[in-house]
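K.L.:
Generate coordinates for the sequence data below:
(2 chains)
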Amino acid sequence: MDVAKNPAAYAKRKRASSIAMGLCIAAAGIGLGWLILILGTLLWEGFGGLSVAVFTENTPPPGSQGGLANAIVGSLVMTVLGTLFGTPLGILAGTYMAEYGRYGKLSMVIRFINDILLSAPSIVIGLFVYEIMVARMGHFSAWAGAVALAIIVVPVVVRTTEDMLNLVPNQLREAASALGLPRSVVIRKIAYRAAKAGMVTGVLLAVARISGETAPLLFTALNNQFWSTDLNAPMASLPAVIFQFALSPYKDWQALAWVGALIITFAVLALSITARTLASPRNQK
Amino acid sequence: MADLALQNSGLSSSASVDRSRVLTRFKFGDATFKYVTLGSAVTVLILLGGVIIALFEGAMPAFRAFGIGFLWGQSWNPVTEKFGALAPIYGTIMTSFIAMLIAIPIGIGTAIFLTELCPPWLRRPIGTAIELLAGIPSIIYGIWGLFVFAPFLQSTVQPFLISLFGPIPVLNAVFAGPPYGIGILTAGLILAIMVLPFVASISRDVFETVPAVLKEAAYGLGCTRWEVVRSVIIPYTRVGIIGGVMLGLGRALGETMAVTFVIGNAHRISASILQPGTTISATIANEFTEAVGDVYTSSLVALGLILFVITFFVLAAARLLLLKIEKRTGG
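P.N.:
Below is the predicted model of the structure:
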């Protein structure tokens, strides 16, 4: 009706729509383009420096050649330890919330607190671990770094474990209970098995998250110029070395920082893609 | 009832003594497992309590020395041991403000593109790409900002801004030179890129909760695409969008590494956003290991406590809003 009476108004509405939609496409283009630009620069700057020496030699003093071996190993050690500490706690807490207290008040409160811990600033976690471990023990240590990373792992694992267990159909549990299995066996043998893919995904995502974390390591594990596997001493880590080297005035160090950044990014992307393929519906039976 | 379980456990079910023993063991195991999980769940609660208590304890010497005035003290002088949090708080709020100013429209625009305009076969790849980018460590953004973005801003954008706003009274103070490259504006822009994937993916998720019937009804009435977005989708998902934005804000406020590289770490409040400044997290990251003396260290912990309290409220508000929209779609 309106169209027939007033074609100009119709054209105006159409024009407004095209402009707004054009802006949305531009927004998506800008966002994605920008991020692609960052990854492109990373590849460009980091790829040239990639060599065997990076994985076999330790971090050099300024002005000489070297690699990132001690930092890579330090990162691996602390990531593994952090995951080992954090995962069981996260899975058990998630189990309680999904299996025992699904509709309870306690679970509601924990869910809320957990979601906040999930996005709490990681530097505050670093300060916390400094206060409870480093200040008491009197020195920086890889243990403290691992604990800080574990605290970041916990909320991620709690969240995914709970979500995945909630997806397990109740009929499965009822059938197992009807056969006379005690509750704990039902959970461990039936519910965990059905939710396994999702729970593994959660752990992988947590590992991806902590392998790039810098802020909580700065004043827990500190850094170390040399090869060290002593968990009671400061330990190097890739992010901390990148931080130190990138802000230095030396060209060699800056080049190594780019290589380190490239390694971390690939590791994190590989972990997240693995996690995603595991979680995709095709692989869940 | 427990016969099958008994057989599974490989014990003979003939003797009733065995049977009762196994049953007791099951009962014990059951209770143990339940309490272990309960204990772990409570540990998560204790963790948050522990963070607050430990930070509070660590911050006490600073608050004792400077009182509540620490919050708006302007000096930051390790030599005279006079510390105030105003400059870092200002920097944190200002960089986050710039970041949200840019990330909200671009993020929501991207989400509209993904749900309304994008051809279906492209939807998943782009959506996944955005989620993957949300997982890239912040130090990557930091190093890119320092070596690529800051020099670019210094040589092109900042001189342009300075000359553009030079003759305009108020704006020439906001964009006063010289162009350093690093500074509040650069940090805000880097944060915007970081927060963008969060805002985009959450907005997309809440846009997808709009029932197709509502949209189809609006199209049926002859609405244009933009009118459907503006008068159906956005009003329906307003709460969720605000929740997503707050979640992004929480990230921006607490972000450390991306900012530390490009903020310049200068403890002052300048009217110009082109000048170096500092944020709470950058101050802690830069100075904590070098801090000498109780008051200095404690002042940094106090900054951490302030940051934690601010992000706690922002994140709590975000979660409550998102919970609201979840309930609506669930029920």
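K.L.:
Tell me if I'm right that residue B:310 and residue B:253 touch.
P.N.:
Yes - at 6.0 Å, residue B:310 counts as touching residue B:253 under the criterion of C-beta atoms under 8 Å. (Each C-beta comes from the backbone N, C-alpha and C, glycine too.)
K.L.:
Residue A:177 reaches residue A:187, doesn't it?
P.N.:
No - at 10.6 Å, residue A:177 and residue A:187 do not qualify as touching, with contact defined as C-beta under 8 Å.
K.L.:
Heading C-terminal from the host helix or strand of residue A:55, find the next helix or strand.
P.N.:
Taking DSSP states H and E as the criterion, residue A:55 maps to helix A:52-56. Under the assignment DSSP H and E, the closest C-terminal helix or strand after helix A:52-56 is helix A:69-95.
K.L.:
Domain map for the chain?
P.N.:
The chain I'm using is chain A. A:7-49, A:54-279 (the TED database).
K.L.:
that's the wrong chain, I meant chain B
P.N.:
B:1-63, B:67-327.
K.L.:
Residues contacting stretch A:131-149, please?
P.N.:
Contacts to stretch A:131-149, defined as C-beta atoms under 8 Å, 6 or more residues apart in numbering or on different chains, come from residues A:74, A:77-79, A:81-83, A:85-86, A:125-126, A:128-130, A:210, A:213, A:216-217, A:219-222, A:230-235, A:237, B:50, B:54-55, B:57-58, B:301.
K.L.:
And it, end to end?
P.N.:
15 Å (C-alpha to C-alpha, to the nearest Å).
K.L.:
Helix or strand: which one has residue 129?
P.N.:
I'll assume chain A. Per DSSP H and E: residue A:129 is located in helix A:122-129.
K.L.:
sorry, should have said chain B
P.N.:
Using DSSP H and E, residue B:129 falls in helix B:120-134.
K.L.:
Give the buried residues for that helix.
P.N.:
Buried residues in helix B:120-134, counted by 16 or more other C-beta atoms under 10 Å in any protein chain shown: B:126-127, B:130-134.
K.L.:
Report the residue spans of the chain with pLDDT below the cut-off.
P.N.:
Just going to use chain A. Flagging of chain A using pLDDT under 70 yields the residue ranges A:1-5, A:281-285.
K.L.:
I was thinking of chain B, sorry if that wasn't clear
P.N.:
In the predicted model of chain B, residues B:1-15, B:329-331 satisfy pLDDT under 70.
K.L.:
how about the strands in it?
P.N.:
B:76-77, B:82-83 (DSSP state E).
K.L.:
what packs against the last one?
P.N.:
For strand B:82-83, the elements it packs on are helix B:16-66, strand B:76-77, helix B:294-330, judged by 3 or more C-beta pairs under 8 Å, 6 or more residues apart in numbering or on different chains; DSSP states H and E.
K.L.:
so what strands line up beside it?
P.N.:
With DSSP bridges as the test, strand B:82-83 is paired with strand B:76-77 (antiparallel).
K.L.:
rewinding a little: tell me the most buried of the helices and strands packed on strand B:82-83?
P.N.:
Greatest average neighbour count among the helices and strands packed on strand B:82-83 goes to helix B:294-330 (a mean of 20), per mean count of other C-beta atoms under 10 Å in any protein chain shown.
K.L.:
Checking it against chain A, do any of its residues make contact.
P.N.:
Yes - residues of helix B:294-330 contacting chain A under C-beta under 8 Å from any C-beta of the partner chain: B:300-301, B:304, B:307-308, B:311-312, B:315-316, B:319.
K.L.:
rewinding a little: tilt between the helix holding residue A:129 and helix B:16-66?
P.N.:
100 degrees (axes from the mean of the first three to the mean of the last three C-alpha atoms, to 10 degrees).
K.L.:
Identify all contacting residues around helix A:122-129.
P.N.:
Contacts for helix A:122-129 (C-beta under 8 Å, 6+ apart): A:144, A:147-148, A:151-152, A:213, A:215-220, B:50-51, B:54-55, B:58, B:254, B:256, B:281, B:284-285, B:288, B:300-301, B:304, B:307-308, B:311.
K.L.:
and the residue nearest the centre of chain B, what is it in contact with?
P.N.:
For chain B, the residue nearest the mean C-alpha position is residue B:251 (1.3 Å; C-alpha atoms, centre = their mean). Counting by C-beta under 8 Å, 6+ apart, residue B:251 touches A:119, B:194-195, B:198.
K.L.:
Can you name the two of these that sit furthest apart?
P.N.:
A:119 and B:194 (12.9 Å; C-beta to C-beta).
K.L.:
Find the nearest non-adjacent residue to the residue in the stretch 51-200 of chain A that chain B sits nearest to, please.
P.N.:
Nearest residue of the stretch 51-200 of chain A to chain B, counting by C-beta to the nearest C-beta: residue A:121, 2.5 Å away. Leaving out its chain neighbours, the residue that sits closest to residue A:121 by C-beta to C-beta, 6 or more residues apart in numbering or on different chains is residue B:254, at 2.5 Å.
K.L.:
Contact partners for that neighbour?
P.N.:
Shown in contact with residue B:254 (C-beta under 8 Å, 6+ apart): A:119-124, B:281, B:307, B:311.
K.L.:
Over to residue B:29?
P.N.:
A:182, A:184-185.
K.L.:
Around chain A, pick out the residues from the stretch 201-331 of chain B.
P.N.:
Counting by C-beta under 8 Å from any C-beta, the stretch 201-331 of chain B sits next to chain A at B:222, B:224-227, B:229-230, B:247, B:250-251, B:253-257, B:260-261, B:281, B:284-285, B:288-289, B:300-301, B:304, B:307-308, B:311-312, B:315-316, B:319.
K.L.:
sorry, back to before: who's more crowded, residue A:177 and residue A:187?
P.N.:
More neighbours surround residue A:187 than the other of residue A:177 and residue A:187, with 25 against 14 (other C-beta atoms under 10 Å in any protein chain shown).
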